[in-house]
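Participant: 3D model of this:
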Amino acid sequence: MLDLDALEALLTKASPGEWTASSHDWFALRTHALIICDRPPVFYAESHAAWPSNSGAIAALHNAAPALIGELRALRAEETMHVEVIGDLMAETTTLKAEIEKLREANRWRPIAEAPRDNDGIEAIESSTGFVRVVDYYKGGYPPNWIPCWALQGASNECYPLDYFTHFRPIPDPPEA
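Facilitator: Below you'll find the model as predicted:
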């Protein structure tokens, strides 16, 4: 990565001010190009005839360097902001994935033997039909056996043996008003 501070330090060591390039035919066999600074100390550089545009390129680069450095700094600041936003999005994604996994785990179908016996309603799958019913664990049972059973919510006289259902899951929360 380009070290902008080092580049600016080099630029301040160069002759200050705008640079211009000028070509002069001093000798019959070759062309010299001068880079001239508008303030002392004057910087002169010669380019060989094989590269007659070097002095112009050097002067143009020197003159454009401050603006280019400023643009690079702005781009780096924007890149840093984007990296921070991406980092925040990745962290949020990780949190959301964990929350989704937690919800999946809470709502997955589990064997009925693992069902809570705390009189909270559950959704249960009937073994014979595959229908989903909402049931409560009923500790007292019904006559004549008086054994624990699964009672359908809202039906006071329907009680099923504990192995009648195959799987269960918690009842989902009702929709928000």
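Participant: And the helices in this structure, which stretches?
Facilitator: Under the criterion DSSP state H, the chain contains helices at 4-13, 54-107.
Participant: hey, least reliable of the ones you listed by pLDDT?
Facilitator: If you rank the helices of the chain by mean pLDDT, helix 4-13 sits at the bottom with a mean of 78.
Participant: Can I get the helices of the chain in a markdown table including distance to residue 130?
Facilitator: Using the backbone N, CA and C atoms, a C-beta is placed for each residue, glycine as well. Formatted as a markdown table, the helices of the chain follow (distance: least, CB to CB, whole Å):
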| stretch | distance to residue 130 |
| --- | --- |
| helix 4-13 | 69 |
| helix 54-107 | 18 |
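Participant: For residue 126, find the nearest of these.
Facilitator: helix 54-107 (18.9 Å; CB to CB).
Participant: In terms of secondary structure, what does that closest one contact?
Facilitator: The helices and strands touching helix 54-107, judged by 3 or more CB pairs under 8 Å, 6 or more residues apart in numbering; DSSP states H and E, are helix 4-13, strand 19-24, strand 32-37, strand 165-170.
Participant: would you put the C-alpha positions of the longest one in PDB?
Facilitator: This file holds the C-alpha atoms of helix 4-13, laid out as PDB (Å, rounded to 0.1, in the frame of the first residue of the first chain):
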ATOM      1  CA  LEU A   4       0.900   8.700   1.700                       C
ATOM      2  CA  ASP A   5       2.800  10.400   4.600                       C
ATOM      3  CA  ALA A   6       6.100   9.300   3.000                       C
ATOM      4  CA  LEU A   7       5.000  10.600  -0.400                       C
ATOM      5  CA  GLU A   8       4.000  14.000   1.100                       C
ATOM      6  CA  ALA A   9       7.400  14.200   2.900                       C
ATOM      7  CA  LEU A  10       9.200  13.600  -0.400                       C
ATOM      8  CA  LEU A  11       7.000  16.200  -2.000                       C
ATOM      9  CA  THR A  12       7.900  18.800   0.600                       C
ATOM     10  CA  LYS A  13      11.600  18.100   0.000                       C
END
